[in-house]
Structure formats: structure tokens, C-alpha cells
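[1] Coordinates for the following, if possible.
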Amino acid sequence: MIPLGADRSLVAGERVLLVDPKNRRYLIRLEPGGVFHTHSGVVAHDAIIGEAEGCTVTGSSGRGFLVLRPTLSDTVLKMPRGAQVIYPKDLAAMLITANVSRGRRVLEAGVGSGALSIALVRSGASVVGYEIREDFAETAKANVADACGDDADYDVVIKDVTLGIDERDLDCILLDLPEPWKVVEHASMALKDGGILVAYLPTINQSATLRSALDKGPYCLAETFETLRRTWHIEARSVRPDHRMVAHTGFITSARKTAGAKKN
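    Below you'll find the predicted structure:
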């Protein structure tokens, strides 16, 4: 990571985004003497190292490549993964719904490749992740360290969240797993009064089963929604929706814990 206020020139060891003349995007890590091969030519890493972000470098074919530091969205979509990541549009909605901010204590279960973990840590939360697969846990930790630094307030425990939650007085719990209704009771003991539970599910049938479990309490203000993202083609007087859009990717369900739940 490049700290605020530091020299903003691009340095060896950091990841950068290359954008070719057809707007194809490539995420690479700069290494002295390294080269990157694309359909639009070969790009030498040494031509990038030391340059300013936003520069254009010329590949072996004579075509130019725009060089930028990746956004969170770029990182999530291009980073190494073991499991399917949550799309950026859903990450943003989940963070706002869970009211994530600096200093809040968060449990994430089903960390996968770490996309949600990165978003949580970058928001300033203190995050503990539960994951049943060791390979996914290692991938997530590596991706979080790469995106947020080795000193990120983040830990992953190999644990099945459906068997219980060790933490108490959590501000929010975020779930990305097939049967979150098995976590509802455990979450009621782990969350603060007023704490927020958020779950991400691919089907409405799973979401309905979760809502039935939440209706038994101690939760209120439950809702389920999805986010759709449509970009537009705007070129001179030609203005229309793009032919392709990122429509349904998953359902997000949230609820608030009411006071008086047991805390064994």
C-alpha cells in the first residue's frame, strides 16, 4: 500500500492496472525487469516503475497503455480467488446496510476469497472471519494483506459458524454461506442490542427460509433486496442504455437485533 502523503510515483512491488486501447483491464504486480504479455503487445515493468499514476506507456506493438492504481472494484474483480467473489455493487450495499465504519467490531462468516473482507477492513472495521476451508482462508488473508497491508486489523479462524460464535458484543455480522438461518440464534447471542445481521444469498428460496428464521426473533426491521447496475452508452448525441448490464447477482437480507436476547 502507498501511504497518504508519500511519493506518489509507481514503485516496484505494488499492483497497478493497465488499460489497453480497447479498454481491457489487466492487474499486474510491478517487478524490476518484469514484462507483461497482452494481445496488444508486451509491456516492460521498468517502463512503469518510477512514473506517475495516470501515465501512458508504450508496448512493443506501439500501442499505449494507461497505468493507474486499482480501485477496490478493480481489485475485487481481478484479484486471485478460490471462491466466487461478491460483486462490487453488492459489497457497497452490504457495507451501508451493516453501517460499517471505523472501529466497529465485525464478524464475517464464509470469507471465500476475501472481497468482502477487504471492503470491511478498508472501512476501518475490526474484522474476524470464520471459514471452514483452510485454502479459502489462506487466499483471503493473502488478498487482504496485499490490499490493506500486513498490519490490517483482520484475522481468520477455521471454524463452522453454524456451530456457534465465540465473540460477543459485535456491532454487525455478515454472512456469505448457503444456510445462514442456522446462524440466526448464535448471532442473537453475539450481537449487541441493536446490532445488525446481513446475509448474502443467490436464491429467493434461501432468502425466504432465512426470513422465516428471523421472524422468530429477537430481530426487527428485516428486509430483503437486490441491486441492479446498468451503465449507459454516451457518445455525442448517441445516448442509450448499454446492451449488457450486471443485473441479478444475489439477494441481501438484513435485520436488527432487539434487546433482551440471551447471551450465553
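[2] Show me what residue 17 bridges to in the sheet.
    Beta-bridge partners of residue 17, counted by DSSP bridges, are residue 27, residue 68.
[3] was I right about it contacting residue 27?
    Yes. Judged on CB atoms under 8 Å, residue 17 makes contact with residue 27 at a distance of 5.8 Å. No exception for glycine: its C-beta is placed from N, CA and C like everyone else's.
[4] between those two, what contacts are shared?
    70, 74, 78 (CB atoms under 8 Å, 6 or more residues apart in numbering).
[5] Show the buried residues in those.
    Buried subset of the shared contacts of residue 17 and residue 27 (neighbour count, 16 or more other CB atoms under 10 Å): 70, 74.
[6] OK, contacts around the nearest residue to residue 190 once chain neighbours are set aside?
    Once flanking residues are discounted, residue 190 sits nearest to residue 165: 4.1 Å by CB to CB, 6 or more residues apart in numbering. Taking CB under 8 Å, 6+ apart, we find residue 165 in contact with 107, 130, 173, 183, 186, 187, 189, 190.
[7] Columns pLDDT on top of those residues, output as a markdown table?
    Output for the contacts of residue 165, formatted as a markdown table (pLDDT from 0 to 100):
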| residue | pLDDT |
| --- | --- |
| 107 | 98 |
| 130 | 98 |
| 173 | 98 |
| 183 | 98 |
| 186 | 97 |
| 187 | 98 |
| 189 | 96 |
| 190 | 97 |
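[8] farthest-separated two in those residues?
    130 and 189 (14.7 Å; CB to CB).
[9] Which one of the two is surrounded by more residues?
    Neighbours per residue, other CB atoms under 10 Å: of residue 130 and residue 189, the larger number sits with residue 130, 26 against 17.
[10] in what helix or strand does the residue nearest to residue 190 lie?
    Using DSSP states H and E, residue 165 sits within no helix or strand.
[11] State the phi and psi torsions of it.
    Backbone torsions for residue 165, taken as degrees, to the nearest 10, come to phi -120, psi 130.
[12] repeat for residue 118
    Dihedral angles (degrees, to the nearest 10) for residue 118: phi -60, psi -50.
[13] ditto for residue 96
    phi -70, psi -40.
[14] Just the pLDDT at it, thanks.
    Residue 96 carries a pLDDT value of 97.
[15] And for residue 7?
    We have a pLDDT of 58 for residue 7.
[16] try the one 5 residues further on
    As summarised for this prediction, residue 12 has a pLDDT of 92.
[17] go on, residue 158?
    If you check residue 158, the pLDDT there is 97.
[18] where does the stretch 51-200 of the chain dip in pLDDT?
    Applying pLDDT under 70 to the stretch 51-200 of the chain picks out residues 82.
[19] quick one: the helices in this structure?
    Along the chain, counting by DSSP state H, helices occupy 72-78, 88-97, 115-122, 134-148, 184-190, 204-215.
[20] For residue 11, find the nearest of the ones you listed.
    helix 134-148 (14.5 Å).
[21] Alpha carbons only: can I get the closest one in PDB?
    What follows is helix 134-148, C-alpha atoms only, in PDB (Å, rounded to 0.1, in the frame of the first residue of the first chain):
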ATOM      1  CA  GLU A 134      -8.300 -23.700   5.000                       C
ATOM      2  CA  ASP A 135      -7.400 -22.900   1.400                       C
ATOM      3  CA  PHE A 136     -10.000 -20.200   1.200                       C
ATOM      4  CA  ALA A 137      -8.800 -18.700   4.500                       C
ATOM      5  CA  GLU A 138      -5.200 -18.500   3.200                       C
ATOM      6  CA  THR A 139      -6.400 -16.900   0.000                       C
ATOM      7  CA  ALA A 140      -8.500 -14.400   1.900                       C
ATOM      8  CA  LYS A 141      -5.600 -13.500   4.300                       C
ATOM      9  CA  ALA A 142      -3.200 -13.000   1.400                       C
ATOM     10  CA  ASN A 143      -5.600 -10.800  -0.600                       C
ATOM     11  CA  VAL A 144      -6.400  -8.700   2.500                       C
ATOM     12  CA  ALA A 145      -2.700  -8.200   3.300                       C
ATOM     13  CA  ASP A 146      -2.000  -7.300  -0.300                       C
ATOM     14  CA  ALA A 147      -4.800  -4.800  -0.500                       C
ATOM     15  CA  CYS A 148      -4.700  -3.400   3.100                       C
END
